[in-house]
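In: Mind looking at a prediction? Sequence and model below.
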Amino acid sequence: MENPGEMKQISVVHGVDKETFNTEIYPKRWPVVLRGLNLGPCQTNWTVQYLCEAGGSQDVKVHVSPSAKMDFINKNYAYRTLPFDELVRRASKPRQEEYFFEPALLHTS
């Protein structure tokens with residue numbers, strides 16, 4: 001029996017082509033980190049500005065928590081609504097200036 005708290009190592013693969021992914025990685029249905037993939041034009045076209053314009057200001061629901069680890073059993077999070085373009089702008093910043101919870105409650109790593 002597996003220990004639910006046990007850390008598992010996740011494989012990292014580089015430069016996998018579609019055929020290899022479809023035949024060797026996907027069928028295992030196991031988490032893996034994919035690096036060095038050619039994802040096409042999205043890598044250059046999907047700028048913050050582009051995503052904000054394409055997604056617009058439609059409201060989206062997000063989970064926010066004062067902890068870096070959300071606990072879905074004890075529900076240490078809250079739902080908040082904000083426009084999609086604002087979510088993209090916030091997510092693109094290396095350091096947040098606006099908080100849903102007090103900054104002192106945020107976990108920093």
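Out: Received the coordinates, thanks. The structure presented is a predicted model; accordingly, all values stated were derived computationally and were not measured.
In: for the record, mean pLDDT for stretch 40-52?
Out: Stretch 40-52 shows a mean pLDDT of 94.
In: ok now that stretch, how far from the chain's centre?
Out: In terms of Cα atoms, centre = their mean, to the nearest Å, the centre of stretch 40-52 is set 16 Å apart from its chain centre.
In: Would you mark the buried spots in that stretch?
Out: By neighbour count with 16 or more other Cβ atoms under 10 Å, stretch 40-52 contains the buried residues 51, 52. (Glycine included, C-beta is placed from N, CA and C.)
In: and the end-to-end length of it?
Out: 20 Å (Cα to Cα, to the nearest Å).
In: which residues touch the residue minimising distance to the centre of the chain?
Out: By Cα atoms, centre = their mean, the chain has its centre lying nearest to residue 91, at 9.4 Å. Listed by Cβ atoms under 8 Å, 6 or more residues apart in numbering, residue 91 has no contact partners.
In: Does it belong to a helix, a strand or coil?
Out: Per DSSP: H, G, I helix; E, B strand; the rest coil, the secondary structure class of residue 91 is helix.
In: Could you check the pLDDT of it?
Out: Reported pLDDT for residue 91: 87.
In: now do residue 21
Out: We have a pLDDT of 94 for residue 21.
In: What secondary structure category should be reported for the closest residue to it other than its chain neighbours?
Out: In space, and not counting its chain neighbours, residue 21 is closest to residue 34: 7.7 Å by Cβ to Cβ, 6 or more residues apart in numbering. At residue 34 the chain is in strand, as set by three-state DSSP.
In: thinking residue 77 is in contact with residue 61, fair?
Out: No: assessed by Cβ atoms under 8 Å, residue 77 is found out of contact with residue 61, at 11.5 Å.
In: Neighbour count for those two, which is higher?
Out: Using other Cβ atoms under 10 Å, the more surrounded residue of residue 77 and residue 61 is residue 77, with 18 against 9.
In: From residue 71, how far off is that one?
Out: 8 Å (Cβ to Cβ, to the nearest Å).
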